[in-house]
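Colleague: Quick one, what's the 3D model for this:
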Amino acid sequence: MYSGRFYFEESSFKLINDDTFDVLKRFKEKTFDMIFADPPYFLSNNGVTCSGGKMVSVNKGDWDKTLDIYEKHKFNRKWIRECYKILKDEGTIWVSRNIA
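Modeller: The predicted structure follows:
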């Protein structure tokens, strides 16, 4: 199944922290009952925000750099398509998002 290292692991739960497009291809189709995804919000735009009363950078890394709407849509369709392949027919996908 997955030969990489797990970020967190319990008896019935495993969390992988790796490149999505590399990892998803390692699984057989229709493997998972549930997928939880926390994709990039694409908010790193050299701006600042207030956190704990201090002004801090919003930049998280290259993986979170702002994309135009078309590139965001292309990225999201790509990872969702890969998840769909490995999700069982009766499975579910939970997606964490920022509504900003």
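Colleague: How about the backbone phi and psi for residue 54?
Modeller: Backbone torsions of residue 54, given as degrees, to the nearest 10, read phi -120, psi 150.
Colleague: Which residues does stretch 3-19 contact?
Modeller: 2, 23, 26 (CB atoms under 8 Å, 6 or more residues apart in numbering). Placement of C-beta: from N, CA and C, glycine included.
Colleague: Output the contacting helices and strands for the longest helix seen in the chain.
Modeller: Taking DSSP state H as the criterion, the chain has its longest helix at helix 69-86. With contacts taken as 3 or more CB pairs under 8 Å, 6 or more residues apart in numbering; DSSP states H and E, helix 69-86 sits against helix 20-23, strand 32-37, strand 87-95.
Colleague: outside of it, which residues touch it?
Modeller: 20-21, 24-25, 27-32, 35, 37, 39-40, 42, 67, 93.
Colleague: got any ranges where this structure has weak pLDDT?
Modeller: 1, 98-100 (pLDDT under 70).
Colleague: Relative to the centre of it, find the outermost residue for me.
Modeller: residue 53 (28.8 Å; CA atoms, centre = their mean).
Colleague: Centre-most residue in this structure?
Modeller: residue 39 (3.0 Å).
Colleague: State the phi and psi torsions of that residue.
Modeller: phi -70, psi 160.
Colleague: Quick check: it vs residue 85, distance?
Modeller: 17 Å (CB to CB, to the nearest Å).
Colleague: Ok, residue 22 next?
Modeller: For residue 22, the distance to residue 85 - CB to CB - is 14 Å.
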